[in-house]
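1. just coords:
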């Protein structure tokens, strides 16, 4: 049973535009959420996180939004750059770490 | 130093071989993790060590045997693997494992394992 889902396996965005990656979860006990970026043949790299007591966290070009009532979080990247092309995993923390299924982002120059 | 290192980067082994994967971190983290990742899938948790003690074993077959010799090192001993065990094996560490595991995990680059 996948407790964290990313329903879009892939996303293409023009350079300079906004990239929006979405993530849904089912367990209301999750209280901490994270986004990781992964290049091929490398381990995931931590990007940004948000506690369940917040609804927004911003770090440079990356902003994570959390909608607890909808059990939904999103990652906004603006402006998108070609170097952002990678697979993005959301993760949720309860008594364990649960990764989403991943979204492959391609930023077109 | 926010690096988690893993060796080897690539490993090819036969089904009768015994090999080990190694992971090291010098961030003072007291929790270390092994994950297995198949292509186009999210990482799957295998083991968690907290303060050098095994705290979580996600029903991993006994042909995978973890070991934590000290707070900086984590090994994964492999024996009699199957071809379906071929995957990217990721090590991660975090400051501490609390009841809600909220600390960010730092991942190593992984070991690409192929079982022939």
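-> Arrived safely. No experiment lies behind these values; they were computed from the predicted model shown.
2. what are the pairing partners of the strand or helix carrying residue B:32, and which direction each?
-> Element membership for residue B:32 (DSSP states H and E) is strand B:31-37. Under the criterion DSSP bridges, strand B:31-37 sits next to strand B:44-50 (antiparallel), strand B:87-94 (antiparallel) in its sheet.
3. got those as JSON lines, with mean neighbour count and mean pLDDT columns?
-> C-beta here means a position set from N, CA and C on the backbone, and glycine is covered the same way. JSON lines is the format used below for the strands paired with strand B:31-37 (neighbours: other Cβ atoms under 10 Å in any protein chain shown; pLDDT from 0 to 100):
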{"stretch": "strand B:44-50", "mean neighbour count": "20", "mean pLDDT": "90"}
{"stretch": "strand B:87-94", "mean neighbour count": "24", "mean pLDDT": "92"}
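4. and residue B:19, which of these is closest to it?
-> strand B:87-94 (11.1 Å; Cβ to Cβ).
5. and the closest one, how far out from the chain's middle?
-> Centroid displacement of strand B:87-94 relative to its chain, using Cα atoms, centre = their mean, to the nearest Å, is 5 Å.
6. And for stretch A:87-96?
-> In terms of Cα atoms, centre = their mean, the centre of stretch A:87-96 is set 9 Å apart from its chain centre.
7. per-residue pLDDT, residue 73?
-> The chain I'm using is chain A. On the pLDDT scale, residue A:73 is placed at 96.
8. Chain B was what I was after
-> For residue B:73, the pLDDT comes out at 97.
9. The residue nearest to it when sequence neighbours are not counted: which element?
-> Nearest residue to residue B:73 in three dimensions, chain neighbours excluded: residue B:24, at 5.5 Å (Cβ to Cβ, 6 or more residues apart in numbering or on different chains). Here residue B:24 sits within strand B:18-25, counting by DSSP H and E.
10. Tell me the neighbouring strands of that strand, and mark each as parallel or antiparallel.
-> Going by DSSP bridges, the partners of strand B:18-25 are strand B:4-7 (antiparallel), strand B:73-79 (antiparallel).
11. tell me, how many neighbours does the residue nearest to residue B:73 end up with?
-> Using other Cβ atoms under 10 Å in any protein chain shown, residue B:24 has 18 neighbouring residues.
12. Run through the residues that contact it.
-> The contact partners of residue B:24, taken as Cβ atoms under 8 Å, 6 or more residues apart in numbering or on different chains, are B:4-6, B:72-74.
13. What is the nearest of those residues to residue A:91?
-> For the contacts of residue B:24, the closest approach to residue A:91 (Cβ to Cβ) belongs to residue B:4, at 16.3 Å.
14. what about the nearest residue to that closest one once chain neighbours are set aside, neighbour count?
-> Of all residues not flanking residue B:4 in the chain, residue B:108 sits nearest, at 3.8 Å (Cβ to Cβ, 6+ apart). Residues contacting residue B:108 under the criterion other Cβ under 10 Å number 25.
15. How about residue A:33?
-> Applying other Cβ under 10 Å, we find 26 residues neighbouring residue A:33.
16. Let's verify it: helix, strand, or coil?
-> strand (DSSP: H, G, I helix; E, B strand; the rest coil).
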